[in-house]
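Novice: only geometry, no sequence info:
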Ligand SMILES: C[S@@+](CC[C@H](N)C(=O)[O-])C[C@H]1O[C@@H](n2cnc3c(N)ncnc32)[C@H](O)[C@@H]1O
């Protein structure tokens, strides 16, 4: 069961979210488009839970290139009006697919007879209703249409920082912080990480039975955040949003102290885990 309150907290900090959260790697976007071969099936693409457009922007550009100049459309479904406002700003007057923003939950949206060639969800599939999402996405896709679900979990590279920050998190009841996971614990299998072990959709998709050609890919890249950007990233996470404001402020201030005591900033590994399937 999805905690709807927790799934709708991002708009409280839409601008911080947009500035601080990491992007998705270009290789992932290219892989999805190669798999979906847009133009071949269906007439448009659908994005579920588009947020401020972290995936929308590169996908709209790539879809525009793939269509060879022909008009193509990317329909974005996003329930939070504050996220949608930033999404509109980030996508208007840009080259590529024409982005249409629908403000509402995926569960309340209808394809109205449209057959999408590609549907994708970036760090949002786990917020949709597990009892309905496969029916809904299947209904939206054309036969042979592609589904791409991806996440961008992170892990901290420095075990000393990991331990010092774990103490801060314990004191303040923080759960799900990226520094709560060591990058070295991720292993090789896409979808396996400590943050959202149940969210990886491959088993669910196989059980559904209406999809084929399942694939999973993991990308990784090392990056270092400055303290301010990392605090912004944390402040945009649901695990911090659900804390009382004073507790969140204390947790972030103590996190900053720890980072400063370790030379400032934090070395992380960013993973992009991609799951692909297509309708039979
Ligand atoms: C972690 S954010 C990801 C946003 C964006 N896709 C990205 O990669 O940055 C999760 C997004 O899912 C949206 N969301 C939550 N519940 C949803 C639902 N039932 N249907 C569609 N989107 C939903 C939230 O409003 C939020 O914008």
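Specialist: Looks like it came in fine. Everything quoted here is computed from the prediction, not taken from an experiment.
Novice: for the residue lying closest to residue 241 once chain neighbours are set aside, report the pLDDT, please.
Specialist: Nearest non-adjacent residue to residue 241, counting by C-beta to C-beta, 6 or more residues apart in numbering: residue 9, 3.7 Å away. Yep, even glycine has a C-beta here, placed from its N, CA and C like the rest. At residue 9, the pLDDT value in this model is 90.
Novice: right, and residue 9 touches residue 235 too?
Specialist: No. Applying C-beta atoms under 8 Å, one finds residue 9 not in contact with residue 235, separated by 10.7 Å.
Novice: now do the helices in this structure.
Specialist: For the chain, the helices defined by DSSP state H occupy 4-7, 14-20, 26-36, 56-66, 81-91, 133-140, 159-172, 202-208, 227-235, 238-241, 245-261.
Novice: intersection of neighbour lists for residue 9 and residue 235?
Specialist: With contacts taken as C-beta atoms under 8 Å, 6 or more residues apart in numbering, the residues that reach both residue 9 and residue 235 are residue 241.
Novice: what count of nearby residues applies to residue 112?
Specialist: 6 (other C-beta atoms under 10 Å).
Novice: brain fart, residue 248
Specialist: 18.
Novice: OK, contacts around it?
Specialist: Contacts of residue 248 (C-beta under 8 Å, 6+ apart): 172, 235, 240, 241.
Novice: repeat for residue 134
Specialist: The contact partners of residue 134, by C-beta under 8 Å, 6+ apart, come to 204, 205, 208, 210.
Novice: how about residue 225?
Specialist: Residues in contact with residue 225 (C-beta under 8 Å, 6+ apart) are 233, 265, 266, 268.
Novice: residue 219 too?
Specialist: Counting by C-beta under 8 Å, 6+ apart, residue 219 has contacts 25, 27, 28, 271, 272, 273, 274.
Novice: swap in residue 3?
Specialist: Taking C-beta under 8 Å, 6+ apart as the definition, residue 3 has no contacts.
Novice: in this protein, what residue lies closest to the ligand?
Specialist: For the chain, the nearest residue to the ligand under the criterion C-beta to the nearest ligand atom is residue 51, separated by 2.4 Å.
Novice: show me what contacts that residue?
Specialist: Residues near residue 51 by C-beta under 8 Å, 6+ apart: 10, 17, 78, 80, 83, 87, 122, 123, 124.
Novice: hmm, try it at 6 Å
Specialist: residue 83 (C-beta atoms under 6 Å, 6 or more residues apart in numbering).
Novice: is the helix or strand bottoming out on mean pLDDT in the chain in proximity to the ligand?
Specialist: In the chain, no helix or strand scores lower on mean pLDDT, DSSP states H and E than helix 4-7, which sits at a mean of 77. Yes. Judged by C-beta under 6 Å from any ligand atom, helix 4-7 comes into contact with the ligand at residue 7.
Novice: alright, that wraps it up for me.
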